[in-house]
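In: sequence plus predicted model, see below.
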Amino acid sequence: MDIIYFLVFPGFLFAGLVGLVATWVDRKVTARLQWRMGPPFLQPFYDLGKLLAKEVTVPTAADRVTFVLAPMAGLAAAGLVAAILGMSVSGNLNFTGDLIVVIYLLTIPSLMLMLGGFASGNILAQVGSSREMKLILAYELPFLLAIAAVIFKNGFSLRLNELLAFQRSSGMTIGSISGFLSFLAVVLSVQAKLGMPPFDISEAETELMAGPLLEYSGLLLAFFRFTKALLFYSLPLLIVILFFGGIFFSGWHILTGILKYVGVLALLVVIKNTNPRVRVDQALNFFWKRVAPLALAGLIFALAGL
C-alpha cells in the first residue's frame with residue numbers, strides 16, 4: 001500500500017498534477033498582470049504532451065551519458081521530495097519524513113540542470129550552467145541557516161511529522177520573530193531555487209535563449225519541465241509545513257491547507273512580477289550580504305527562544 005501512496009496519492013502522480021496546475025496559475029496571473037489573456041487551463045499538459053511526442057536529439061559535441069542522465073536524475077530527486085512531503089502531511093503516522101533528506105534531494109535538480117548544460121557542449125548552455133552554479137552558492141547558505149532556525153524553534157527535531165506536531169501544540173512557526181525572519185529568507189531562496197524572476201539568471205531567455213536547456217528537446221526536455229512542475233508543488237508545500245503548520249486532509253482543514261499553499265504560491269508570483277532580473281554578482285551580494293544576515297538573525301532569535 002505504501003508504494004501506492006508514493007506513486008499515486010499523495011505522491012508522485014498527485015504532485016505532478018498539482019505542480020502543472022500551479023505552473024498554469026503562475027502563467028495565468030503573470031499574463032493578467034501584463035494585460036494578456038494567458039494560456040488555457042490545460043496548456044501545461046498540452047506542452048508536456050507535445051514534448052513527449054517530439055524527437056530527442058543529442059549534440060555531437062555533448063557528453064552523451066551525462067547529457068541523457070542529468071534530467072532523469074533531477075526528475076527522480078524531485079519526485080522523491082514530492083512523495084516525502086506528501087506522505088508527511090497525509091496523516092500516515094507510520095511515515096516519518098526526514099528534513100535532512102529533503103534538503104539534500106532539493107539540491108539535486110539544480111545540480112543536474114547545471115551538469116546537463118555543461119555536458120551539452122554548447123557555449124551558451126555552459127554560460128547558463130556557470131550562472132546556475134553561482135546562484136546555488138548564493139542561496140544555499142541563507143536557506144540552510146533559515147531551516148536550522150526552524151529546527152531549533154520546533155524542538156530540535158528533524159522529522160517532518162514531529163515538526164507538524166510541535167506546531168499544532170505550540171502554534172505556527174511564522175508567529176514568532178525567528179519564524180518570520182526565517183520565512184522571509186526561505187521564500188527568497190525558494191524563488192531562486194525555482195529559477196523565477198528576479199533570479200532567472202541561468203536561463204535568461206533574452207540573453208542565453210534557454211541557458212542550460214538550450215540543446216535539450218523531446219523527452220529529455222519534458223523531464224526538466226516536469227521536474228520544475230514538481231518543485232512548484234514541493235517547495236511551497238515545504239514552506240507551508242515549516243512555517244504554517246502543514247496541511248491536514250480532514251474536514252475544513254483541507255480548505256485552510258489549500259489556502260495556505262495558494263497564498264505562498266501567490267507570494268512567489270507577486271515577487272516574480274514586481275522585480276526585474278538581477279545580474280549574477282547582484283544575486284551573490286543580495287543573498288550573502290542581506291538574506292544570509294537575515295537568516296542568521298532568525299537563527300539567533302530561535303536559539304534565544306523568540
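Out: Great, that's in hand.
In: ok, residue 48 - contacts?
Out: For residue 48, the contacting residues are 20, 222, 225, 226, 229, by Cβ atoms under 8 Å, 6 or more residues apart in numbering. Just so you know, the C-beta spots here come from the backbone N, C-alpha and C atoms, and that holds for glycine as well.
In: how about the helices in the protein?
Out: For the chain, helices defined by DSSP state H occupy the ranges 2-7, 12-33, 43-53, 64-89, 99-119, 123-153, 160-170, 177-193, 205-208, 218-243, 252-273, 280-286, 292-303.
In: could you list the buried residues of the third one?
Out: Buried residues in helix 43-53, counting neighbours by 16 or more other Cβ atoms under 10 Å, are found at 44, 47, 48, 51.
In: what does the second one give?
Out: Within helix 12-33, the residues that qualify as buried by neighbour count (16+ other Cβ under 10 Å) are 12-16, 18-29.
In: which strands or helices does that helix pack on?
Out: Using 3 or more Cβ pairs under 8 Å, 6 or more residues apart in numbering; DSSP states H and E as the contact test, the elements touching helix 12-33 are helix 43-53, helix 64-89, helix 218-243, helix 252-273.
In: ok, residues contacting the last one?
Out: The one in question is helix 252-273. Residues contacting helix 252-273 (Cβ under 8 Å, 6+ apart): 22, 25-26, 29-30, 33, 89, 187-188, 190-191, 194, 196-198, 232, 236-237, 239-240, 244, 246-249.
In: recalculate using a threshold of 6 Å.
Out: 22, 26, 29-30, 33, 191, 196-197, 236, 239-240, 244, 247 (Cβ atoms under 6 Å, 6 or more residues apart in numbering).
In: dump those into a markdown table; add distance to residue 218 as well.
Out: Compiled in a markdown table, these are given as follows (distance: Cβ to Cβ, whole Å):
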| residue | distance to residue 218 |
| --- | --- |
| 22 | 24 |
| 26 | 24 |
| 29 | 29 |
| 30 | 26 |
| 33 | 32 |
| 191 | 29 |
| 196 | 25 |
| 197 | 27 |
| 236 | 29 |
| 239 | 33 |
| 240 | 34 |
| 244 | 39 |
| 247 | 35 |
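In: tell me the buried residues in stretch 263-274?
Out: Here stretch 263-274 shows 264, 265, 267, 268, 269, 271, 272 as buried, counting by 16+ other Cβ under 10 Å.
In: list just the nearest of those residues to residue 288.
Out: Distance to residue 288 across the buried residues of stretch 263-274 (Cβ to Cβ) is lowest for residue 271, with 19.0 Å.
In: number of residues surrounding residue 100?
Out: By other Cβ atoms under 10 Å, the residues close to residue 100 number 11.
In: count the neighbours of residue 205 for me.
Out: Neighbours around residue 205, by other Cβ under 10 Å: 10.
In: where does the chain dip in pLDDT?
Out: Along the chain, the model assigns pLDDT under 70 to residues 1-6, 90-96, 249-251.
In: switch the cut-off to 80
Out: Applying pLDDT under 80 to the chain flags residues 1-12, 88-97, 155, 204-210, 248-254.
In: quick one: furthest residue from the center of it?
Out: For the chain, the residue at maximal distance from the C-alpha centroid (Cα atoms, centre = their mean) is residue 60, at 31.9 Å.
In: residue 220 versus that one, what's the distance?
Out: Residue 60 sits 16 Å away from residue 220, going by Cβ to Cβ, to the nearest Å.
In: equivalent analysis for residue 248, please.
Out: Taken as Cβ to Cβ, the span from residue 248 to residue 220 is 38 Å.
In: so the two - more neighbours on which side?
Out: A count of neighbours by other Cβ under 10 Å puts residue 220 above the other of residue 248 and residue 220, at 23 against 16.
In: for that one, what are its contacts?
Out: Taking Cβ under 6 Å, 6+ apart, one finds 56, 71 in contact with residue 220.
In: find the nearest non-adjacent residue to residue 230, please.
Out: residue 78 (4.0 Å; Cβ to Cβ, 6 or more residues apart in numbering).
In: isn't that neighbour right up against residue 229?
Out: No. Assessed by Cβ atoms under 6 Å, residue 78 is found out of contact with residue 229, at 8.6 Å.
In: the more surrounded of these two?
Out: residue 78 (31 against 24).
In: wait, what's in contact with that one?
Out: Going by Cβ under 6 Å, 6+ apart, residue 78 touches 109, 227, 230, 231.
In: dump those residues into CSV; add distance to residue 85 as well.
Out: Conversion of these to CSV gives the following (distance: Cβ to Cβ, whole Å):
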residue, distance to residue 85
109, 14
227, 15
230, 10
231, 11
